[in-house]
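*Asks:* any chance you can model this:
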Amino acid sequence: MNQSARYQRALFICVMIQLENFGVSFGGRDLYKDINLLITINDRLGLVGINGSGKSTLLKIMAGAQTGHSGRLHVGKDTKLGYLPQEMAHAENETVENEAKKAFAEINALNERQQTVTHLLETRTDYQSHAYSALIEELTSINDRLDVLGEQDIEQSVAKVLFGLGFTLADFSRKMNEFSGGWKMRVELAKILLAKPDILLLDEPTNHLDIDSIEWLENFLKNSRSGIILISHDRQFLDNITSRTLDIRGGKILDYKLNYSKYEEQRDRELQIQAETHKNQQKFIADTEKLIDKFRAKQSKAAFAQSLIKKLDRLEKVELDNDESVALNIKFPPAPRSGKFTVNASGLSKSYDGKSIFKNVDILIGRGEKVAVIGKNGVGKSTLVRIITGSEPYDGIVEPGHNIHMSYFAQDEADKLDKTAKVFDIVDREGVGEIRKQLRGLLGAFLFSGDDVNKKVSVLSGGEKTRLALCRMLLTPTNLLILDEPTNHLDMKSKDVLKQALQAYDGSLLVISHDREFLHGLTDRIVELTAERTKEYIGDIYDFLKERQAATIASYEYKGTNTEKPIARQRVTLEVSNEEKKRLEKERKKLESESGKLEGWIEAAEKSIADLSDELQAADYRNGELMRDLTAKLDSKKMELENLMVRWEEAQLKLSAST
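*Replies:* Next up, the predicted model:
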C-alpha cells in the first residue's frame, strides 16, 4: 500500500461523520444544499450562523432525532454520539443520582456481552468458521470500547460530575421533579459527559449554567477525549473549547480551521476583499456596458460589441453576502433625569413555603450606574429583580428612587407576547405619542420589514420573539432598565449590537446574564447574590472571575491577600461632620490593626476550606460516616469564614466612613 493510500485509509478510520451532497429544505426554502463535510474524532467544532440558519436542525439530523434530508449522511461504524438538545423529556420520578448512573448502561451491557462472548469462544471448537471469527472481532471491538470508556468507580465518577455541575450531596437523593428545567438539563448533561461518547453534539449547553459551572464544563471538555460539535452564543466558551468553526450562511457551510474569534477576524478580511472586488467588478460592468452602447449601432464595431456582450455573459458575478448587512439597529431613547439613586434596597429576604431563598440582601444603584447580578442557579436572582420591580412580595425595604421610569425584561418576556397577534399589533398597542409615527421604522431596526410585520407571533422563532420583546421596550423612554437574561436566543451579532446600545444608554441598568462576553465592559460592578447576603465587586465580570478562580470551593468565595481586598458593600455615602471625622480618625489605627488580623484569619480559614474541599473530593463517597464528618467540618469552617468576612467588612465600612 503506497503512502497516499495509507493516508486515505487512516483518514477514513478517523472520520466519525461525513456529509455528501447533503441538503435540507423547509417550505420550499433550502437551509443548505450540496454540502460536503468530514468530521473526525479529533475535531472541536463551533457551529455558528444567524438565527434560523439551521444550526440546531443539523445537530438533530446528525443525532438521528430528525429525518428528512437529501444526499448522504454517514456516521462511522460503532461511533457513539452524545446529543444534548435545547429541549428534552426527563425521568421525573427518578432520583438525580440514579438518573445520572444511567450513563453507565453501555458499560454494564458491554461487560455482560464480554462475558458471554468469552464463554462462547472457550466452549466452541469451530475455530476456522466465519462465526468463530465474527466472535473474535466482536470481542476485540468490545475490549476497544471498554478501553475508551476506561475503568471507572461509578459512584465516584457520578459524584464528581454532579458536584462540578453545581449539585450538592443532599441533591443526589432528590427526585428530578423537584428541580427546575435548568437543573434537569444539568442531569442530562452529566449523563452525556459520563458516557464518554466519541462525539459530543451540544446545543447551547451553557444556557442554564451559572458561571462557576460553565468554567467547570470548559475544563471538563478541554480534557475530554471526545470530539465536539458545539452550538453556543457564548463567544468566550467557543474560543476556549473549539479550534474549528463551521459557518452556516446562504445555504452553504463555510469551514474555517480557526476558533471563533480568529474566524471573525478572517471573515472580516474576506468581507473587505469581497466588497472591494464587488465594487471593482461593478465599475468594470458599467464601463463595458458603455462601450457596448457606444459601438452597438456602428456596423464596423458591431462584432466588437457582440464580443463584449458575450464577455459580460460569461462573467462570474461577485455577490455580497446578504446576511452580513442584516443586523439590529438599537438605540435607546434618552433617559429622563432621575434622583441620585434609582434602586435602594436593604435587608431583603424571601422565603417559599417556609424555606429561605435568600436573606440580608442589600443593593444600591446610583443614577446612570450599570450593575450585574451574579449567583448560582436557584439562589433567587430572578426573584430579586421581581422584588425590585414590585411584582414579588418580600420582607425588607425597597425605597423607590425619585422620578423613576422603569422597564423590565423578564426571562420569559418573549413567551408573554400575545401569540394570536401580528408583529405590528404588538407595538401598535403600546406606542403612544410621537413614537407612533416611527413604529414601522422601529420594527425595521429590529429586522421586521415588509410582510414580516404581518406575521403572527405564533410563527416567530425564539430569536425573532426576543427581538420583538426588546423592540417593545423602546416605545417608552426609561431611566432604569432591568434585564433578566436578555440575550437568550439572540445570535452573536445581535448580542453585540444590544451590548453596544446598552453601553450608550444613559440610564441605570440592572442585568442578569450568564454570558461573560456580553457582560464584559458593560457593567461598572458586580453584585454577588448568595443565600445569606450580597457581596459586591468593583469592576466588570472578568475582575469577578479572577477573584472567583482563587476560591477554594464551588461557590464564589473571595481569596483574601495582602494586595487584593474584598470590596465592602456599597451604601449611601453620607456627609460626615468634622467632629465625626476626628472621632473616626482616632479609631483608625485600631481599625487598621483589627482589619489586618482579620485578613490573616480569613486567609487561614480559606486554606482550611481548600484542604477540606480537596479531601472531600478525593474521599470515598460510599463511606457515609467519613462524608458526614468532612461535610460538618467544611460547613463549620465556612460559617467561621462568613463571620470573619462580616467583621472585616464592618471594619472596612468604618474605615471608609472616616476618610
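
*Asks:* residue 510: what secondary structure?
*Replies:* strand (DSSP: H, G, I helix; E, B strand; the rest coil).

*Asks:* break the chain into its domains for me.
*Replies:* With automatic domain parsing as the criterion, the domains of the chain are listed as 1-79+198-257, 95-195, 271-321, 341-549, 578-657.

*Asks:* JSON lines for the ones you listed, including mean pLDDT, distance to residue 332 and mean neighbour count?
*Replies:* Just so you know, the C-beta spots here come from the backbone N, C-alpha and C atoms, and that holds for glycine as well. Shown next, in JSON lines, are the domains of the chain (pLDDT from 0 to 100; distance: least, C-beta to C-beta, whole Å; neighbours: other C-beta atoms under 10 Å):
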{"stretch": "domain 1-79+198-257", "mean pLDDT": "83", "distance to residue 332": "22", "mean neighbour count": "18"}
{"stretch": "domain 95-195", "mean pLDDT": "85", "distance to residue 332": "29", "mean neighbour count": "16"}
{"stretch": "domain 271-321", "mean pLDDT": "82", "distance to residue 332": "28", "mean neighbour count": "12"}
{"stretch": "domain 341-549", "mean pLDDT": "85", "distance to residue 332": "5", "mean neighbour count": "18"}
{"stretch": "domain 578-657", "mean pLDDT": "69", "distance to residue 332": "33", "mean neighbour count": "15"}
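
*Asks:* so for residue 89, which of these sits nearest?
*Replies:* Proximity to residue 89, assessed across those by C-beta to C-beta, is greatest for domain 95-195 (9.5 Å).

*Asks:* nearest to residue 331, out of the domains of the chain?
*Replies:* Across those, residue 331 has its closest neighbour in domain 341-549 (6.0 Å, C-beta to C-beta).

*Asks:* what about the closest one, distance to the chain center?
*Replies:* What separates the centre of domain 341-549 from the centre of its chain is 17 Å, taken as C-alpha atoms, centre = their mean, to the nearest Å.

*Asks:* all strands in the stretch 301-450 of the chain, in order from the N-terminus.
*Replies:* Along the stretch 301-450 of the chain, the segments classed as strands by DSSP state E, counting those that start in this stretch run 341-352, 355-366, 370-374, 395-400, 406-409.

*Asks:* and the contacts of the second one?
*Replies:* With contact meaning C-beta atoms under 8 Å, 6 or more residues apart in numbering, strand 355-366 is reached by 340-351, 371, 379-380, 383-384, 388, 396, 480, 508, 510, 527, 529-534, 569-572.

*Asks:* over to the fourth one?
*Replies:* Strand 395-400 is touched from outside by 343-350, 361, 387-388, 390, with contacts defined as C-beta under 8 Å, 6+ apart.

*Asks:* make it 10 Å
*Replies:* 339, 341-351, 359-364, 387-390, 406, 572 (C-beta atoms under 10 Å, 6 or more residues apart in numbering).

*Asks:* reformat the domains of the chain as TSV; add distance to residue 85.
*Replies:* Below are the domains of the chain laid out as TSV (distance: least, C-beta to C-beta, whole Å):
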stretch	distance to residue 85
domain 1-79+198-257	5
domain 95-195	9
domain 271-321	29
domain 341-549	13
domain 578-657	30
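
*Asks:* residue boundaries of the helices in the stretch 151-300 of the chain?
*Replies:* With DSSP state H, counting those that start in this stretch as the criterion, the stretch 151-300 of the chain has helices at 154-164, 181-195, 211-223, 235-241, 260-295.

*Asks:* redo these as a markdown table? Include distance to residue 522.
*Replies:* Shown next, in a markdown table, are the helices of the stretch 151-300 of the chain (distance: least, C-beta to C-beta, whole Å):
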| stretch | distance to residue 522 |
| --- | --- |
| helix 154-164 | 28 |
| helix 181-195 | 23 |
| helix 211-223 | 15 |
| helix 235-241 | 14 |
| helix 260-295 | 18 |
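
*Asks:* nearest to residue 499, out of the ones you listed?
*Replies:* Nearest of these (C-beta to C-beta): helix 235-241, 11.0 Å.

*Asks:* same for the closest one, what does it pack against?
*Replies:* Contact here means 3 or more C-beta pairs under 10 Å, 6 or more residues apart in numbering; DSSP states H and E; on that basis helix 235-241 packs against strand 44-48, helix 211-223, strand 227-231, helix 260-295, helix 492-504, helix 516-519, helix 541-549.

*Asks:* just how off-centre is the third one within its chain?
*Replies:* Remark: strand 227-231 is offset 14 Å from the chain centroid, using C-alpha atoms, centre = their mean.

*Asks:* quick one: that strand to helix 260-295, angle?
*Replies:* 60 degrees (axes from the mean of the first three to the mean of the last three C-alpha atoms, to 10 degrees).

*Asks:* strand 227-231 pairs with which strands?
*Replies:* strand 44-48 (parallel), strand 199-203 (parallel) (DSSP bridges).

*Asks:* only the C-alpha atoms, please, for it, written as PDB.
*Replies:* Taking C-alpha atoms only, strand 227-231 is exported to PDB below (Å, rounded to 0.1, in the frame of the first residue of the first chain):
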ATOM      1  CA  GLY A 227     -14.800  15.000  19.500                       C
ATOM      2  CA  ILE A 228     -17.200  18.000  19.900                       C
ATOM      3  CA  ILE A 229     -19.700  19.800  17.800                       C
ATOM      4  CA  LEU A 230     -20.900  22.800  19.700                       C
ATOM      5  CA  ILE A 231     -23.600  25.500  19.200                       C
END
